[in-house]
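Visitor: coords please:
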Amino acid sequence: MSKILFAENLEQLNSVSEQILEHTAPHKKFAFYGEMGVGKTALIKSLSLHLGVTNMVSSPTFSIVNEYPIDEGDKVYHFDFFRIENEQEAYDMGYEEYFFSNAYCFIEWPEKITNLIEEDMVRVKMTTEGTTRRIEVIL
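Guide: Numbers count the residues shown, from 1 in each chain. Sure, this is the predicted structure:
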């Protein structure tokens with residue numbers, strides 16, 4: 001089952017992220033696909049804010065994963081696998097501890113770890129059509 005949403009600007013990502021969380025509940029694992037600069041990190045920031053993250057959300061490009069606490073004691077893990085060379089690096093960082101927790105996991109560049117992406121993860125495919133972002137959410 002998929003849902004297609006559109007955002008003409010970054011301000012509209014607030015509404016889009018709210019719709020994504022409503023559409024995908026109770027799922028907590030998300031794989032984000034899209035070219036560099038399409039807005040994956042911006043959407044993840046908005047989703048994190050809706051979940052109650054109060055810390056500044058930024059891309060974990062160099063650290064690979066950022067951890068953010070949520071008010072209720074839950075966590076959000078934000079991954080950026082762009083810089084890894086192979087899946088072994090994900091194993092070496094202990095990805096299982098994150099992926100198999102009950103925390104939210106937002107994964108950028110899942111193409112780098114295709115064998116580790118589970119069938120039941122929500123897939124978010126982002127493209128641009130002119131200045132509009134097209135966001136397909138697949139359950």
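Visitor: phi, psi for the residue positioned nearest the centre of the chain please.
Guide: Residue closest to the average C-alpha location in the chain (CA atoms, centre = their mean): Phe106, at 2.9 Å. Main-chain torsions, Phe106, degrees, to the nearest 10: phi -110, psi 120.
Visitor: my understanding was that it contacts Leu47; is that so?
Guide: Yes - counting by CB atoms under 8 Å, Phe106 does reach Leu47; the two are 6.7 Å apart. The way it works is simple: take the backbone N, C-alpha and C, and place the C-beta from them, glycine included.
Visitor: re the thing from before, list the contacts for the residue nearest to the centre of the chain?
Guide: By CB atoms under 8 Å, 6 or more residues apart in numbering, the contact list for Phe106 reads 30, 32, 44, 47-48, 76-79.
Visitor: what bridges to the residue nearest to Thr127 when sequence neighbours are not counted?
Guide: Of all residues not flanking Thr127 in the chain, Arg134 sits nearest, at 4.9 Å (CB to CB, 6 or more residues apart in numbering). Beta-bridge partners of Arg134, counted by DSSP bridges, are Phe6, Thr127.
Visitor: what does the one 4 residues further on give?
Guide: Ile138 forms beta bridges with Ser2, Arg123, as assigned by DSSP bridges.
Visitor: how much space is there between it and Lys3?
Guide: In this view, Ile138 and Lys3 are 8 Å apart by CB to CB, to the nearest Å.
Visitor: same thing with Tyr104?
Guide: 18 Å.
Visitor: follow-up on the earlier one: now for Phe106 and Leu47: what residues contact both?
Guide: Joint contacts of Phe106 and Leu47 (CB under 8 Å, 6+ apart) are Phe30.
Visitor: pull up the pairing partners for the one helix or strand Tyr77 maps to, direction included.
Guide: Per DSSP states H and E, Tyr77 falls inside strand 75-80. Sheet pairing of strand 75-80 (DSSP bridges) gives strand 65-69 (antiparallel), strand 104-108 (parallel).
Visitor: include mean pLDDT and distance to Arg123 when you put the ones you listed into a markdown table, please.
Guide: Listed next are the strands paired with strand 75-80 as a markdown table, based on pLDDT from 0 to 100; distance: least, CB to CB, whole Å:
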| stretch | mean pLDDT | distance to Arg123 |
| --- | --- | --- |
| strand 65-69 | 94 | 19 |
| strand 104-108 | 98 | 10 |
